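Student: got a sequence here, can you build the structure:
(2 chains)
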Amino acid sequence: DTEVTQTPKHLVMGMTNKKSLKCEQHMGHRAMYWYKQKAKKPPELMFVYSYEKLSINESVPSRFSPECPNSSLLNLHLHALQPEDSALYLCASSQEFEGWNEQYFGPGTRLTVT
Amino acid sequence: KQEVTQIPAALSVPEGENLVLNCSFTDSAIYNLQWFRQDPGKGLTSLLLIQSSQREQTSGRLNASLDKSSGRSTLYIAASQPGDSATYLCAVPTGGGNKLTFGTGTQLKVEL
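Tutor: Residues are numbered from 1 along each chain as shown, chains lettered A, B, ... in the order given. Here you go, the predicted structure:
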């Protein structure tokens, strides 16, 4: 099973709301990633977790707060977002971060900030 | 800094045609190269991963080649079908670890 699941599929939130995106994998992968993708652009890396520890933060604004409660789950907490944060948010996982292994992506969450 | 480009940016072909998508990267010190497919508004589907020691990788009608010395990879799609219509992205790990740098993408349309 090479599936990464993400919930919700779609999310509309106001600028004062707090919401969370969820990502789950059961492949035993120890690296998990959050990407942001704007229309007609390639994905841009936001965060990397390796063995449940934050390994990379690509200078993402603090209104995005990642969390890795266990090796299968990855959350992205959202607070006080701006309309320009509207995008497709993709989660991915790989066996290891240092192993340059194949990355598997989830279907994404389409976020609209009003 | 690794830069990855894909040419052409968009391609429209009739069904049944064989086609080649190109991916170029500026830093040839890569560990592997991964090809993805993305349908509109959806996530990325991994198609093929070529290790730096390999020259080719095949999966069904797809064949990917890698030439590290020239900084190029090609994705060959045989006997294209309308269901192949999607955006194709190549990506290489950059800067240590599995931090991917993506290409600019090729939007493919296969017409009946």
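
Student: for the rest of this, base every contact and every neighbour count on C-alpha atoms.
Tutor: Will do.

Student: hang on, A:L76 packs against A:S62?
Tutor: No: the criterion here is C-alpha atoms under 8 Å, and A:L76 misses it with A:S62 at 11.3 Å.

Student: looking at these two, which is more packed in?
Tutor: A:L76 (19 against 12; other C-alpha atoms under 10 Å in any protein chain shown).

Student: for that one, give me its contacts.
Tutor: A:S20, A:L21, A:K22, A:F64, A:S65, A:P66, A:E67 (C-alpha atoms under 8 Å, 6 or more residues apart in numbering or on different chains).

Student: over to A:M13?
Tutor: Per C-alpha under 8 Å, 6+ apart, neighbours of A:M13: A:K19, A:L111, A:T112, A:V113, A:T114.

Student: same check, this time on B:T94
Tutor: B:Q2, B:I30, B:L100, B:T101.

Student: about what we covered before: now the contacts of A:M13 in JSON lines, with distance to chain B and neighbour count?
Tutor: Below are the contacts of A:M13 laid out as JSON lines (distance: C-alpha to the nearest C-alpha, whole Å; neighbours: other C-alpha atoms under 10 Å in any protein chain shown):
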{"residue": "A:K19", "distance to chain B": "21", "neighbour count": "15"}
{"residue": "A:L111", "distance to chain B": "11", "neighbour count": "19"}
{"residue": "A:T112", "distance to chain B": "13", "neighbour count": "18"}
{"residue": "A:V113", "distance to chain B": "17", "neighbour count": "18"}
{"residue": "A:T114", "distance to chain B": "19", "neighbour count": "14"}
